[in-house]
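Visitor: Pasted the sequence and its predicted model underneath.
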Amino acid sequence: MRKVGVIVGREWSWPPAFIEEVNRREAGVVAEYARLGGTRMNEPCPYAVIVDRISHEVPYYRSYLKNAVLQGTYVVNNPFMWSADDKFFGASLATALGLASPKTVVLPNKSYVEGIVPESLRNLVYPLPWQELLDYVGLPAILKDAHGGGWKRVYRVDSLEELWARYDESGLLTMILQEFIQWDDYIRCMCLGQDDILVMKYDPIQRRYLHHDLAPDLYERIVHDSRRLMQALGYDMNTIEWAIRDGVPYAIDFMNPAPDMDVNSLGPEFFRWCVEHMADLCLRLAQEPGRQERTMRWDRLLAGRLPAERQEVV
């Protein structure tokens, strides 16, 4: 009997519904909450598949999952990629893929850990060319944590003075400054298994999901571009947010490898889609095991999409 393990935090609605759905199908695979503790080096992993919903906040879990991949377990999402991702890289990747994305700048940290002294930062330009950066992204602009999620530490700034004030509050965080897209419509896609894309209209202010009313050609473009991003990132569970301006979908936020799947957020219909499609994905991965790719190969997607002089170094 193959096993699917689930690693979760406080969420209460999706995990038990997913476990029940997998076990209900009686497909020779059993799902359960994973049990971990004091992992030995090169220790075999009893799970064919592990669904990771919380290792970004519990470092021991991330270490366990990397060893699990070494043992042949398929982890959703790939812990090697998740350890490396950030929103600035994502913006560069989207642009390299030819997708519309807001102009983005990554900023040096405001503060540093103990032991970092002025001599440690001799490579940094000081003062930063703040006005040049604002001229590039424009005003208003968005300042947010390069490694954050859940709309935490996301600020709209309307002046250089507001930018300074928010930046001064950022502490040890690495922040990005991003062009503000005044959107006509806002879409969030739940993406599972790199192919299953649920397109939902989303209100980022009231945090509500609705059925979309997109024109067919715009819908197809969003689905197509979402799949390209998923394949480039190597994720099997993610949400991608698109801000639509003048008929063009801009990839706003698309590195959410532990996406919100709560029934109170999604509503019963969209919640059920997530439960059933994640069960489909994990059963397939458990029944047709294959080694998880540990080396991310973005060059496979970028070759032929960059100027010739840059293709050799991707």
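Guide: Everything's here; your move.
Visitor: In three-state terms, label Lys201 for me.
Guide: Under DSSP: H, G, I helix; E, B strand; the rest coil, the three-state class of Lys201 is strand.
Visitor: now it: how far from Leu233?
Guide: 23 Å (Cβ to Cβ, to the nearest Å). Every residue, glycine included, has its C-beta placed from N, CA and C.
Visitor: swap in Leu198?
Guide: Counting by Cβ to Cβ - Leu198 and Leu233 are separated by 17 Å.
Visitor: Comparing Lys201 and Leu233, which residue is more hemmed in?
Guide: More neighbours surround Leu233 than the other of Lys201 and Leu233, with 26 against 15 (other Cβ atoms under 10 Å).
Visitor: That one and Trp82, how far apart?
Guide: Using Cβ to Cβ, we find Leu233 at a distance of 10 Å from Trp82.
Visitor: where does the chain dip in pLDDT?
Guide: 150, 289-314 (pLDDT under 70).
Visitor: all helices for the stretch 1-150 of the chain, in order.
Guide: Using DSSP state H, counting those that start in this stretch, the helices of the stretch 1-150 of the chain run over residues 14-24, 59-70, 79-84, 87-96, 130-137.
Visitor: can you point me to the longest helix in the protein?
Guide: Identified as the longest helix of the chain according to DSSP state H is helix 268-287.
Visitor: Check which residues of that one are buried.
Guide: Applying a neighbour-count criterion of 16 or more other Cβ atoms under 10 Å, one finds 270-271, 273-283, 285-286 buried in helix 268-287.
Visitor: And the strands in the stretch 101-250 of the chain?
Guide: In the stretch 101-250 of the chain, the strands defined using DSSP state E, counting those that start in this stretch lie at 104-106, 141-145, 154-157, 175-179, 185-192, 196-203, 208-211, 237-245, 248-253.
Visitor: With just CA atoms, put stretch 228-243 into PDB.
Guide: What follows is stretch 228-243, C-alpha atoms only, in PDB (Å, rounded to 0.1, in the frame of the first residue of the first chain):
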ATOM      1  CA  ARG A 228       4.100  28.300 -18.900                       C
ATOM      2  CA  LEU A 229       4.800  29.800 -15.500                       C
ATOM      3  CA  MET A 230       4.000  26.500 -13.700                       C
ATOM      4  CA  GLN A 231       6.300  24.500 -16.100                       C
ATOM      5  CA  ALA A 232       9.100  27.000 -15.700                       C
ATOM      6  CA  LEU A 233       8.900  27.100 -11.900                       C
ATOM      7  CA  GLY A 234       8.400  23.300 -11.600                       C
ATOM      8  CA  TYR A 235       5.600  23.700  -9.100                       C
ATOM      9  CA  ASP A 236       2.600  21.300  -8.900                       C
ATOM     10  CA  MET A 237       0.500  23.500  -6.500                       C
ATOM     11  CA  ASN A 238       0.400  27.300  -6.800                       C
ATOM     12  CA  THR A 239      -1.800  30.300  -7.400                       C
ATOM     13  CA  ILE A 240      -1.100  32.900 -10.100                       C
ATOM     14  CA  GLU A 241      -2.600  36.300 -10.000                       C
ATOM     15  CA  TRP A 242      -3.300  38.400 -13.100                       C
ATOM     16  CA  ALA A 243      -4.100  42.100 -13.100                       C
END
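Visitor: what secondary structure does the spatially most central residue of the chain sit in?
Guide: Nearest to the mean C-alpha position of the chain, by Cα atoms, centre = their mean, lies Met255 at 1.9 Å. Counting by three-state DSSP, the backbone at Met255 sits in coil.
Visitor: hang on, it packs against Asp86?
Guide: Yes: using Cβ atoms under 8 Å, Met255 is in contact with Asp86, at 7.4 Å.
Visitor: Name whatever forms a beta bridge with Ala248.
Guide: Residue 248: Val, not Ala. Arg245 (DSSP bridges).
Visitor: For it, grab the count of nearby residues.
Guide: Neighbours around Val248, by other Cβ under 10 Å: 13.
Visitor: now it: how far from Trp183?
Guide: 10 Å.
Visitor: what do you get for Val49?
Guide: Counting by Cβ to Cβ - Val49 and Trp183 are separated by 36 Å.
Visitor: Among the two, which residue is more densely surrounded?
Guide: Val49 (27 against 17).
Visitor: Surely that one touches Thr73?
Guide: Yes: using Cβ under 8 Å, Val49 is in contact with Thr73, at 6.9 Å.
Visitor: I appreciate the help and will end here.
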